[in-house]
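Undergrad: Need coordinates for the following:
(chains A and B)
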Amino acid sequence: MILALETSCDDTCAAVVDGPRILSNVVSSQASFHEQYGGVVPEVASRHHLQLVNAVTDAALSQAGAELSQVDAVAVTQGPGLIGALLVGMSTAKALASAVRKPLIPADHLHGHVAANFLEPDPIDPPFLCLVASGGHTLLAGVSDHSSFETLGQTLDDAAGEAFDKGARLLGLGYPGGPAIQRAAQEGDPAAFGFPVAMSRDPGLDFSFSGLKTALVYRVRELGEERTAASVPDLAASYQRAIVDQLVVKLERALDRGGWGVVALGGGVAANVELRERAGQLCEAREIGLKLVPLELCTDNAAMIAAAAAHTEPIPYPDYLTFDASAQAANLAV
Amino acid sequence: MATLGFDTATAILTVAVADGREVLAEGTRTPGSDGRPRHSPLLLLEVERCVEGAGGWSRIDRLAVGVGPGSYTGLRIGISTARALAQARGLEITGVSTLSALAMGVFSRETTGGSPGSGGQATRAPLPVLDARRGQTFVQVHDPRAEPRGEPLVLGPEELCELAATVAPKPLAAGDGALRFRAELESVGVEVPEDRDPVHSVQARHVCVLGEMADAAPAETIEPLYLREPDAKRWLKRDERTDTG
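TA: The predicted model follows:
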């Protein structure tokens, strides 16, 4: 049984997980606090994490009917993420683990998104191809075993979720941008505006979204305030189409290269209906499986960190006392 | 029983275990060769070392943590560690003003090792001044017995000097902010001990003393004294003012 903490961005999360079984999965979202800024403000996120982390941890333990002394290890996101935010989780997890002399398992956040697929309901085992797309990350992961993954391609600039956030801000649709753009796009024509699908002619598997945002800036400027306001549904639908097109093009290319039998989607952008539908069509056409984890396991959560930790080497007490968080990436063999 | 105290509000990490006025163990860690504080990798290590040196966790019944003002990240590392230790070990916890701990250091120096109630006679008022970056300081006026007078403030050097000039009896300023603005403070007659004087560093033994005198509080109510809003919030307010103005 693992108690896990996740504070890499703007959700304060704690969970208790036993093998593939989730005993509790508590997420305290700060989205409403960041809405007024149109994105995550690191200092605001760090302050909220500190306010919430103890209550969220208590809630995870009590919902699981567990005492801290009963867990086998305490897991925590080591990185990548916002360093100030990560440090709140890391300091808390280290102190909790050391108080009960239990091992600490520092987990990689991205490995967590991949490992969400190992959890109930319907856990799957490797090998599979995993597209992780969130506000902070966009990558294609080749997953051959439980303890690691190979990065086949990743964004060279903005993440897909960041593109949604920035697009939504430009169109005055609020935060978080993914759901806001999706809502507005329902009434729009995705072919109304032609936005560039970056990297589609690039033979590699990397992504790029910053040019798309710039294209939207120019389009909004061309249209002017009045016409932009009248075209929001069409702009949102076209912009969303361009993001999803790029994700699907790269997914398709990875499948061409790999011979994968299953595709899994993870990260907050995996909640996007158009992406889910397009990935479904792709997998159906290729007669391969599509694994969609429940939405609460797509967005940041601590159950996925526990799932990654279950396949990561624990650090015994007291060797982890000097352990630190990392904004870049965890020092793990992934 | 004893109190474990630590402070991470400044670049120096300080940890102590004390029983009343008796210091059972203490440790200090200065920034690394890159000049950056090492609170995250060294705080728990130093805590375990001090607790072991003081006779083990069974001797500890209270935890006192410096709540600033100071470095936001440093404070969050210290407070989240303190809260989790208190939560997991069922310890009482108190938050202690870092400025008052610094003032207690001045009082202790003035009375050659005394503490409030010990009968020492201090004649100068401690003026703890921490470097708040951006050309500002965190400061709080204290009386000669190291009792706070007024609220902790964020002041620029000019305002700091105006405040210091009004303090009676004559203040003795301590802390990295006092060192940074030594010339300004001395120009208004405030004494600033020499740079290497230990009075300029927060010492956890003083955090322990203040923690023992304070009432315990629920762990989740122990919060940093930020004193400044996040930049983004200030910018937002400025923009709102611009829009409405």
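
Undergrad: quick one: secondary structure of residue A:63?
TA: Three-state assignment for residue A:63 (DSSP: H, G, I helix; E, B strand; the rest coil): helix.

Undergrad: was I right about it contacting residue A:26?
TA: Yes. Residue A:63 is within contact range of residue A:26, at 6.7 Å (criterion: CB atoms under 8 Å). (C-beta placed from N, C-alpha, C; glycine too.)

Undergrad: Please say which of the two ends up with more neighbours.
TA: residue A:26 (23 against 15; other CB atoms under 10 Å in any protein chain shown).

Undergrad: and the more buried one, what element?
TA: strand A:21-29 (DSSP states H and E).

Undergrad: Just list what that strand packs against, helices and strands only.
TA: Other elements packing on strand A:21-29 under the criterion 3 or more CB pairs under 8 Å, 6 or more residues apart in numbering or on different chains; DSSP states H and E are strand A:11-18, helix A:42-64, helix A:295-298.

Undergrad: Tell me where chain B is predicted with low confidence.
TA: Along chain B, the model assigns pLDDT under 70 to residues B:112-120, B:234-236, B:238-245.

Undergrad: for chain A, what are the nearby residues on chain B?
TA: By CB under 8 Å from any CB of the partner chain, the part of chain B that sits against chain A consists of B:40-45, B:48, B:72-73, B:76-77, B:79-85, B:87-89, B:219-220, B:223-224, B:226, B:230-233, B:236.

Undergrad: Name only those of those that count as buried.
TA: B:40-45, B:48, B:72-73, B:76-77, B:79-85, B:87-89, B:219-220, B:223-224, B:226, B:230, B:232-233 (16 or more other CB atoms under 10 Å in any protein chain shown).

Undergrad: So for the strand holding residue A:26, mean pLDDT?
TA: Mean pLDDT, strand A:21-29: 96.

Undergrad: Mind listing residues that contact it?
TA: A:1, A:10-17, A:52, A:55-56, A:59-61, A:63-66, A:119-120, A:296-297, A:299-303 (CB atoms under 8 Å, 6 or more residues apart in numbering or on different chains).

Undergrad: As a quick check, tell me the outermost residue of chain A.
TA: residue A:226 (35.2 Å; CA atoms, centre = their mean).

Undergrad: For residue B:81, give me its contacts.
TA: Contacts of residue B:81 by CB under 8 Å, 6+ apart are A:91-92, A:94-95, B:6, B:43-44, B:47.

Undergrad: Now the two most distant members of those residues.
TA: A:92 and B:6 (15.2 Å; CB to CB).

Undergrad: what's the nearest residue to residue B:49 if we skip its chain neighbours?
TA: Excluding its sequence neighbours, the residue lying closest to residue B:49 (CB to CB, 6 or more residues apart in numbering or on different chains) is residue B:27, at 6.1 Å.

Undergrad: so that neighbour sits right up against residue B:50, yeah?
TA: Yes. Between residue B:27 and residue B:50 there is a contact under CB under 8 Å: 5.5 Å.

Undergrad: So which of these two has more stuff around it?
TA: residue B:50 (23 against 18).

Undergrad: where's the closest residue to the more buried one other than its chain neighbours, which helix or strand?
TA: Leaving aside its chain neighbours, residue B:50 sits nearest to residue B:25 (4.1 Å; criterion: CB to CB, 6+ apart). Following DSSP H and E, one finds residue B:25 within strand B:22-29.

Undergrad: got it, and residue A:227?
TA: helix A:210-230.

Undergrad: Can you give the distance from that helix to the centre of its chain?
TA: 27 Å (CA atoms, centre = their mean, to the nearest Å).

Undergrad: Residue B:93 - that's part of a helix, no?
TA: No. Using three-state DSSP, the assignment for residue B:93 is strand, not a helix.

Undergrad: what's near enough to touch it?
TA: Counting by CB under 8 Å, 6+ apart, residue B:93 has contacts B:62-65, B:82-83, B:86, B:216-217, B:219, B:222.

Undergrad: Out of those residues, which two are the most distant from each other?
TA: B:62 and B:83 (13.7 Å).

Undergrad: Count the neighbours of residue A:46 for me.
TA: 23.

Undergrad: Also residue B:32?
TA: The burial count for residue B:32: 11, using other CB under 10 Å.

Undergrad: who's in contact with the closest residue to it other than its chain neighbours?
TA: Using CB to CB, 6+ apart and skipping the chain neighbours, the partner closest in space to residue B:32 is residue B:38 (5.3 Å). When contacts are counted by CB under 8 Å, 6+ apart, residue B:38 touches B:13, B:29, B:31-32.

Undergrad: mind running it again at 10 Å?
TA: A:322, A:324, B:8, B:11-13, B:29-32, B:45-46 (CB atoms under 10 Å, 6 or more residues apart in numbering or on different chains).

Undergrad: thinking residue A:70 is in contact with residue A:2, fair?
TA: No. Under the criterion of CB atoms under 10 Å, residue A:70 makes no contact with residue A:2, lying 11.1 Å away.

Undergrad: Show me whatever sits in contact with both of those two.
TA: A:16, A:102.

Undergrad: Could you check which of the two is surrounded by more residues?
TA: Ranked by neighbour count (other CB under 10 Å), residue A:70 and residue A:2 place residue A:2 first, with 27 against 14.

Undergrad: Setting aside sequence neighbours, what's the nearest residue to the more buried one?
TA: Spatially, and ignoring its direct neighbours in sequence, residue A:2 is nearest to residue A:306 (4.3 Å; CB to CB, 6+ apart).

Undergrad: now the one you found: how far from residue A:17?
TA: 4 Å (CB to CB, to the nearest Å).

Undergrad: Between these two, which is the more surrounded one?
TA: Legend: neighbour count by other CB under 10 Å for residue A:306 and residue A:17, higher for residue A:306 (36 against 29).

Undergrad: part of a helix, is that one?
TA: Yes. The assignment for residue A:306 by three-state DSSP puts it in a helix.

Undergrad: now the strands: where do they sit in chain B?
TA: B:2-7, B:13-19, B:22-29, B:60-66, B:92-96, B:125-131, B:137-139, B:153-155, B:171-174 (DSSP state E).

Undergrad: Redo the ones you listed as JSON lines? Include distance to residue B:185.
TA: JSON lines is the format used below for the strands of chain B (distance: least, CB to CB, whole Å):
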{"stretch": "strand B:2-7", "distance to residue B:185": "23"}
{"stretch": "strand B:13-19", "distance to residue B:185": "24"}
{"stretch": "strand B:22-29", "distance to residue B:185": "25"}
{"stretch": "strand B:60-66", "distance to residue B:185": "23"}
{"stretch": "strand B:92-96", "distance to residue B:185": "25"}
{"stretch": "strand B:125-131", "distance to residue B:185": "8"}
{"stretch": "strand B:137-139", "distance to residue B:185": "10"}
{"stretch": "strand B:153-155", "distance to residue B:185": "12"}
{"stretch": "strand B:171-174", "distance to residue B:185": "5"}
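
Undergrad: what's the closest of these to residue A:163?
TA: strand B:153-155 (37.8 Å).

Undergrad: name the helices or strands packed onto the closest one?
TA: For strand B:153-155, the packing partners by 3 or more CB pairs under 10 Å, 6 or more residues apart in numbering or on different chains; DSSP states H and E come out as strand B:137-139, helix B:157-166.

Undergrad: Pick the most buried one from these.
TA: When you average the neighbours per residue for each of the helices and strands packed on strand B:153-155 (mean count of other CB atoms under 10 Å in any protein chain shown), strand B:137-139 leads with a mean of 27.

Undergrad: what lines up beside that strand in the sheet?
TA: When pairing is defined by DSSP bridges, strand B:137-139 lines up against strand B:125-131 (antiparallel), strand B:153-155 (antiparallel).

Undergrad: quick one: contacts for residue A:305?
TA: With CB under 10 Å, 6+ apart, residue A:305 has these contacts: A:2, A:4-8, A:13-15, A:17, A:75-78, A:89, A:93, A:105-109, A:111-113, A:115-116, A:312.

Undergrad: how is chain A carved up into domains?
TA: Chain A breaks down into these domains under automatic domain parsing: A:2-116+A:297-322, A:125-293.
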